[in-house]
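Peer 1: structure, please.
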Amino acid sequence: MQAEAKVLRGPHEDLEMYLEAVDQLKSVNQFFTRNPKFKTTDQALSRVNNLLSKAISKLEDEFKQILTSYRLVTQMLFWIVLTLFVNCYLPY
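Peer 2: The predicted structure follows:
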C-alpha cells in the first residue's frame with residue numbers, strides 16, 4: 001500500500017503527498033465501513049485505522065516541532081530587540 005509508506009515517512013518530506021495518502025486511507029475506511037460483506041473487512045479496517053492513528057500522531061509531532069522552532073526564533077528576536085532598545089534608548 002503506497003499510502004502506508006507515505007504515512008510512515010511522515011509529513012515533513014512532502015506534506016501534500018502525505019495528506020493525499022491520508023485521504024486515500026479515509027476512502028478505504030469508508031469503503032470497508034459501507035461494505036461489511038467483504039471477508040477482510042475487520043482486518044483491513046483495523047490496519048487502516050491504525051495507519052490513520054499514526055498519521056494523526058505524526059501530524060501532531062510535526063506541528064509541535066514547528067511551534068517549538070518558531071517559539072525559539074521569536075524568543076531570540078525578542079532578546080535582540082530588547083538589547084537594541086536598551087543600548088540605543090536608555091541612558092547609561
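
Peer 1: tell me the average confidence for the longest helix belonging to the chain?
Peer 2: As assigned by DSSP state H, the longest helix anywhere in the chain is helix 41-89. Averaged over helix 41-89, pLDDT sits at 87.

Peer 1: please identify the helix or strand for residue 4.
Peer 2: Using DSSP states H and E, residue 4 falls within helix 2-9.

Peer 1: one step back: which elements pack onto the longest helix of the chain?
Peer 2: helix 2-9, helix 15-34 (3 or more CB pairs under 8 Å, 6 or more residues apart in numbering; DSSP states H and E). (Each C-beta comes from the backbone N, C-alpha and C, glycine too.)

Peer 1: ok, and what's touching the helix holding residue 4?
Peer 2: Helix 2-9 has contacts (CB atoms under 8 Å, 6 or more residues apart in numbering) with 14, 17-18, 20-22, 24-25, 28, 51, 54-55, 58.

Peer 1: again with stretch 57-72
Peer 2: 7, 10-12.

Peer 1: can you lay out the helices and strands packed on helix 41-89 as JSON lines showing mean neighbour count, mean pLDDT and distance to residue 85?
Peer 2: Below are the helices and strands packed on helix 41-89 laid out as JSON lines (neighbours: other CB atoms under 10 Å; pLDDT from 0 to 100; distance: least, CB to CB, whole Å):
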{"stretch": "helix 2-9", "mean neighbour count": "16", "mean pLDDT": "90", "distance to residue 85": "44"}
{"stretch": "helix 15-34", "mean neighbour count": "15", "mean pLDDT": "91", "distance to residue 85": "38"}
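
Peer 1: residue 82 is nearest to which of the ones you listed?
Peer 2: helix 15-34 (34.5 Å; CB to CB).

Peer 1: contacting residues for residue 32?
Peer 2: 38, 41, 44-45, 48.

Peer 1: highest neighbour count among the residues you listed?
Peer 2: residue 48 (23 neighbours; other CB atoms under 10 Å).

Peer 1: I'd say it and residue 24 touch.
Peer 2: No - judged on CB atoms under 8 Å, residue 48 makes no contact with residue 24 at a distance of 9.5 Å.
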